[in-house]
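K.L.:
The following comprises the amino acid sequence and a computationally predicted model.
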Amino acid sequence: MADELPFLRKMWKEYSEKENDFRGGEETYGYDNAEDIRNNMEYISDRWMAAFRIKWIIDGLEAGKI
């Protein structure tokens, strides 16, 4: 999944500027535990084209939480 980070960062930049939403992953869904992360991944799987959801994925991957 780390290979997708450059693509996700580019996507996040585009969407965050368009939506004026620069929140990080901790500010939106957080990464409290494995079950919450799994539930969040299931929830956003069909609606992930939003800056804060893309950033949640990026931050989680970079922090080793996803």
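P.N.:
The structure has been received and is ready for your questions. Numbering: from 1, shown residues only.

K.L.:
Now for Thr28: which residues touch it?
P.N.:
52-53, 55-56 (Cβ atoms under 8 Å, 6 or more residues apart in numbering). Glycine gets a C-beta too; all of them are placed from N, C-alpha and C.

K.L.:
change it to 10 Å
P.N.:
Applying Cβ atoms under 10 Å, 6 or more residues apart in numbering, we find Thr28 in contact with 21, 40, 44, 50-53, 55-56, 59.

K.L.:
starting at the chain centroid, how far to the top helix by length along the chain?
P.N.:
Using DSSP state H to define each element, the chain has its longest helix at helix 5-19. The chain centroid and the centroid of helix 5-19 are separated by 10 Å under Cα atoms, centre = their mean, to the nearest Å.

K.L.:
Then stretch 28-41?
P.N.:
11 Å.

K.L.:
which of the residues in it are buried?
P.N.:
Residues of stretch 28-41 classed as buried: 28-29, 31, 37, 40 (neighbour count, 16 or more other Cβ atoms under 10 Å).
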